[in-house]
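Asker: One predicted model, sequence on top.
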Amino acid sequence: MDYPDDELNLAFARNVRKWAAMTNYLSFWVYDASFPTYPLPVPNMRAIEPNIRFIVAHKGIGVFMQGAYNALGGDFSDLRAYLISRLLWDPNLNGQQLMDEFLDLHYGRAATPIRRYINFLHDDAESKGKTRSCMGTEADYKIEDEIIRTGLDAFDEALQLADDDVIRARVEKASIAAYCAAIAEPSFWTWENRNREVSAAN
């Protein structure tokens, strides 16, 4: 929320500081999914920890973090829910350690390639400065061929490492994001396209 290299973030942080100077009680509504398409990879999990700490540091006592609440296939929705709930309960916890804990407990031996893919996805987005939109498309996040290949390879390996049907089902669910990225460009439906269609109809 206070990312220094983005003017929108800086303007938001300035406003929060002004509000915090006028009251002891602030509430925040935080979007944590790409709402035009839940399954698209959204490389913003590393922002959850600093965002919650920013809120706490600026008198935030009410926090609603909205993820893919009405669908089962949101990008790593289980992991996101775990990170959010644990960090809201205790903002002093380490986000990376919580992520590793969840991956190991939830995916077992299959966690290794999934962790590698998550790290690659976030490292790539951070190197391009593409980590902050909650209404993004594959173009906004720079989801390119290398990311798609890395994701598909990682989940293929994870499926081979899955120890039982429960783990396999969890891996298959998480893999939806990688497959969505692979087919997104020709079939992607965005708010922009919808608005264009509505304008044309009128």
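Answerer: Here it is on my side, so go on.
Asker: quick one: contacts of the lengthiest helix in the chain?
Answerer: Criterion DSSP state H: the longest helix present in the chain is helix 165-187. Under the criterion C-beta atoms under 8 Å, 6 or more residues apart in numbering, residues 37, 39-41, 72-73, 75-76, 78, 106-108, 110, 114, 117, 137-138, 143, 147-148, 151-152, 154-155, 158-159, 162 lie in contact with helix 165-187. Placement of C-beta: from N, CA and C, glycine included.
Asker: Mind checking which of those are buried?
Answerer: Neighbour counting with 16 or more other C-beta atoms under 10 Å marks 37, 39-41, 75-76, 106-108, 110, 114, 117, 137-138, 143, 147-148, 151-152, 154-155, 158, 162 as buried within those.
Asker: Which members of these are positioned in helices?
Answerer: H106, Y107, I114, Y117, I147, I148, G151, L152, A154, F155, A158.
Asker: I'd say the third one and L103 touch.
Answerer: So the one you mean is I114. Yes: look at I114 against L103 with C-beta atoms under 8 Å: they come within range, at 6.1 Å.
Asker: circling back to that earlier point, give me the distance from the longest helix of the chain to the chain's centre.
Answerer: Offset of helix 165-187 from its chain centre (C-alpha atoms, centre = their mean, to the nearest Å): 15 Å.
Asker: Can you point out the buried residues in that helix?
Answerer: Of the residues in helix 165-187, those buried (16+ other C-beta under 10 Å) are 167-168, 170-171, 174-178, 180-182, 184.
Asker: between these, which is nearest S27?
Answerer: Nearest to S27 among these is A177, at 30.1 Å by C-beta to C-beta.
Asker: so where's this structure shaky on pLDDT?
Answerer: Along the chain, segments meeting pLDDT under 70 span 130-142, 185-202.
Asker: Can you list the residue ranges for strands in it?
Answerer: 26-31, 60-66 (DSSP state E).
Asker: buried set for the last one?
Answerer: In this case it means strand 60-66. Residues of strand 60-66 classed as buried by neighbour count (16+ other C-beta under 10 Å): G60, V63, M65.
Asker: Any chance of the residues you listed in TSV with distance to M1 as columns?
Answerer: Output for those, formatted as TSV (distance: C-beta to C-beta, whole Å):
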residue	distance to M1
G60	10
V63	12
M65	12
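Asker: Kindly indicate which of those lies nearest N51.
Answerer: M65 (8.5 Å).
Asker: what is the closest one paired to in the beta sheet?
Answerer: Beta-bridge pairing for M65 (DSSP bridges): V30.
Asker: oh, and call the first residue 40 from now on, that's how I've got it
Answerer: OK, 40 is where the count begins now, so the last one is M104.
Asker: Return the distance of it relative to S124.
Answerer: Distance, M104 to S124, by C-beta to C-beta, to the nearest Å: 9 Å.
Asker: in terms of contact, does G106 touch S116 like I think?
Answerer: Yes: judged on C-beta under 8 Å, G106 makes contact with S116 at a distance of 5.9 Å.
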